[in-house]
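Engineer: Give me coordinates for this.
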Amino acid sequence: MVDFSLSDEQHMVRTSIRAFIDKEIIPLEAQVLRNERQCGRGLEPGQLRDLQLKGKSAGFWGITTPKQYGGAGLGAIMNSIVYIENGRTFVPFRFGGSADNILFSGTEDQKQEYLLPTINGERVGCFAITEPDAGSDATAIRTRAVRDGDDWILNGEKTFISGGSEADFVILFAVTDPNKGASGGITCFLVDRNMGWRSRPIPTMGEWSPASLVFEDVRVPNRNILGELGWGFKLAMEWIGASRYEIPSMAVGASERLLDMAIEYSKHRVSMGHRIAEYQAIQWQIADSHVEIEAVKYLTLLAAWQAENGHDARHASSIAKLTGSIAANKVVDRVMQIHGAMGYSKELPIERWYRNLRVYRIYDGTDEIQRRTIARNLFRGHAKLGVIGA
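Structural biologist: Next up is the predicted model:
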């Protein structure tokens, strides 16, 4: 018998996280909407840091960070549950105490210089592989790194980099041997901002505020190679794979909150003498949304379970990412339709979610790339039909 229930510990953490989000984060939504209209920012960095420290005081710090680095080490399933709860608000808040998974691959010196300060909130990094002509096709990157004695000289541009404006160092992927391609020809570097790269913010329709990064003769010491020379693409795929179940988790949280808003509104809104909840047109939109949310929830938790138990979760994560991104956009569209003109107005946060959720179908692997990956896995036999479990 398959048991889908949470353990006592998972249930306790989920309840506590939800209480924290309800008390500390959701009340900031009105302020975030005002800030967006006035200055284009959701929360000031200092305010975000204070909220993270509040979370730390409540025991929410480094959810998946190993205990040896001061984290809770709760694993992928709990991380997914936390992201679901985070997704219930559009306030751009994340609990602190974490770092990019591939930073744990660094040398002891790199861990002291980059990993530990990032976990402690003293440094901010960003992940940079996407370029103007290399989006979903990461193997097409053109940023070059040329050896010069004990250093490397970097030249190139990265674009749509999350956190690029705020970061003081970048996890950068550059071509070190153009003759070897992705397998052996791309290397990962840790590059401090004071080494000379610069950033420019890219305005978007939602809260996502990426940046373009420019590297012109940026000199980086050889000791700043993360992992092995030429094996950066493997690290890049590890980073991308680790985040794909997080996005559908956020989609589940947002969709559940939005659907709850639609249910409550439908029970009180009267049109033509009846509450609109009595109309089949509304009931079907509510039912379809709930079905899609539940499907995404368990697909996402399956991917997290596979990751936590040492299985290859890439195929399941692609399925969860694809279905979650599409479902969230369907749900927010229905919820806006149910609310009518009020849903379209800025008096309610629905339009904010409508803009925010659209990017889920683009970043960290577009819908089209997920479909390509899923189909390729089936054609090549990496994934099989009729299998139950891992």
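
Engineer: How much space separates Arg275 from Trp305?
Structural biologist: With distances taken as CB to CB, to the nearest Å, Arg275 is found 40 Å from Trp305. (C-beta placed from N, C-alpha, C; glycine too.)

Engineer: Would you list the phi and psi of the residue of the chain most remote from its centre?
Structural biologist: Note on the chain: the largest C-alpha distance from the chain mean falls to Gly273, namely 44.1 Å (CA atoms, centre = their mean). When quoted as degrees, to the nearest 10, the phi and psi of Gly273 stand at phi 80, psi 0.

Engineer: same thing with Lys158?
Structural biologist: Backbone geometry at Lys158, expressed as degrees, to the nearest 10, gives phi -110, psi 150.

Engineer: Tell me, how many residues neighbour it?
Structural biologist: Using other CB atoms under 10 Å, the number of residues around Lys158 comes to 28.

Engineer: And it, how far from Asp100?
Structural biologist: Distance of Lys158 to Asp100, given as CB to CB: 15 Å.

Engineer: swap in Ala182?
Structural biologist: From Ala182 over to Asp100 (counting by CB to CB), the distance is 20 Å.

Engineer: how about stretch 62-81: buried residues?
Structural biologist: 62-65, 69, 71-72, 74-81 (16 or more other CB atoms under 10 Å).

Engineer: which ones among those are found in strands?
Structural biologist: In strands, defined here by DSSP state E, there are no members of the buried residues of stretch 62-81.

Engineer: Which of the residues you listed sits closest to Phe4?
Structural biologist: Within those, proximity to Phe4 (CB to CB) peaks at Ile77, which comes in at 11.2 Å.

Engineer: Hmm, that closest one is touching Ala303, no?
Structural biologist: No. Look at Ile77 against Ala303 with CB atoms under 8 Å: they stay out of range, at 9.9 Å.

Engineer: follow-up on the earlier one: from the buried residues of stretch 62-81, which is closest to Arg223?
Structural biologist: When the buried residues of stretch 62-81 are compared for distance to Arg223, the smallest value, 21.3 Å, is given by Tyr69; criterion: CB to CB.

Engineer: What residues does the closest one make contact with?
Structural biologist: When contacts are counted by CB atoms under 8 Å, 6 or more residues apart in numbering, Tyr69 is found next to 62, 115-116, 119.

Engineer: do the same with Phe90
Structural biologist: Applying CB under 8 Å, 6+ apart, the residues contacting Phe90 are 29, 32, 207, 254, 349, 352-353, 356.

Engineer: can you check Gly241 too?
Structural biologist: Residues in contact with Gly241, defined by CB under 8 Å, 6+ apart, are 313-314, 317.

Engineer: before we move on, which element is it in?
Structural biologist: For Gly241, the element it lies in under DSSP states H and E is helix 232-243.

Engineer: I'd like the average pLDDT over that helix.
Structural biologist: Per-region confidence: helix 232-243 scores 82 on mean pLDDT.

Engineer: Show me how far that helix is from its chain's centre.
Structural biologist: Averaging C-alpha coordinates over helix 232-243 and over its chain gives two centres that are 13 Å apart (CA atoms, centre = their mean, to the nearest Å).
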